[in-house]
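Colleague: test case, fold it:
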Amino acid sequence: MNKSAIRKKLINLRKKNYIANISLNPNKLFNLIEKQNLSSKVIGCYYPFNYELDILNILEALDNENYIFSLPKILKNNEMNFFQWSKSDPLKINSYGIPEPISNKKIDPDILLIPLVGFDSQFNRLGYGGGYYDRYLSKAKLDKKIFKIGVGFSFQAVKNLPINKFDQKLDCIITEKKIIL
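Modeller: A predicted model of the protein is given here:
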């Protein structure tokens, strides 16, 4: 099966199996950050939409620990960058229907929570197909190391994802059931 077919199947599965009250345990993320010796307080995250795993409770817990958030914003030339955001800041909806920060203060994260359409045990991720995260990570890794955490439901796991030279691997994956390192 090609990426497009897998993507369509998994998005339909996610929509069908979505349960709004399932969320991640913030302590699992704190423990992961601690175990990895990640001292940075700058976290790139996503604002959940389209039946993605809701991380708003995680953001609340991180906010209480004085973490700095940034959210992605789609730019011209199919580029994406991260801009400062706090939970009290308004968002605007982009042309894809994704909530984005209004801020123009670019802030590159050291830890990145990445929404998943699918994933495999080799830490490959399947996104929506635009390549935004892959391009961002490819460019960002020239400047610094980013700890990449894929976030999704356990039922989004597949045996093997087809990959290409542009695909960027994750460092770990968090689901509602477990952390895969």
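
Colleague: so for Lys177, what's the pLDDT?
Modeller: For Lys177, the pLDDT comes out at 87.

Colleague: correction: the previous question concerned Leu170.
Modeller: Taking Leu170 on its own, its pLDDT is 95.

Colleague: may I ask which helix or strand of the chain has the lowest mean pLDDT?
Modeller: Of the helices and strands making up the chain, the lowest-confidence element is helix 26-35, at a mean of 82, by mean pLDDT, DSSP states H and E.

Colleague: tell me the pLDDT at the nearest residue to Asp54 once chain neighbours are set aside?
Modeller: Distance criterion Cβ to Cβ, 6 or more residues apart in numbering; nearest residue to Asp54, sequence neighbours excluded, is Pro48 at 4.8 Å. Glycine gets a C-beta too; all of them are placed from N, C-alpha and C. What the model reports for Pro48 is a pLDDT of 89.

Colleague: likewise the one 4 residues further on?
Modeller: With respect to pLDDT, Glu52 scores 90.

Colleague: then the one 3 residues further on?
Modeller: Ile55 is assigned a pLDDT of 88 by the prediction.

Colleague: contact partners for it?
Modeller: Residues in contact with Ile55, defined by Cβ atoms under 8 Å, 6 or more residues apart in numbering, are Ser23, Leu24, Cys45, Tyr46, Pro48, Leu113, Val151.

Colleague: what sits closest to the third one if chain neighbours are left out?
Modeller: Okay, so that is Cys45. Leu113 (4.5 Å).

Colleague: how about the one you found, phi and psi?
Modeller: Phi and psi for Leu113, reported as degrees, to the nearest 10, are phi -90, psi 120.

Colleague: Ile111 bridge partners, please.
Modeller: The residues paired with Ile111 through beta bridges, assigned by DSSP bridges, are Ile43, Phe147.

Colleague: wait, it touches Ser40, no?
Modeller: Yes. Assessed by Cβ atoms under 8 Å, Ile111 is found in contact with Ser40 at 6.0 Å.

Colleague: where do the helices sit along the chain?
Modeller: 3-17, 26-35, 56-64, 132-140 (DSSP state H).

Colleague: ok, so what distance separates the one residue sitting closest to the centre of the chain from Gly129?
Modeller: Among the residues of the chain, the smallest C-alpha distance to the mean C-alpha position (Cα atoms, centre = their mean) belongs to Ile114, namely 1.2 Å. When Cβ to Cβ, to the nearest Å is the yardstick, Ile114 and Gly129 sit 14 Å from each other.
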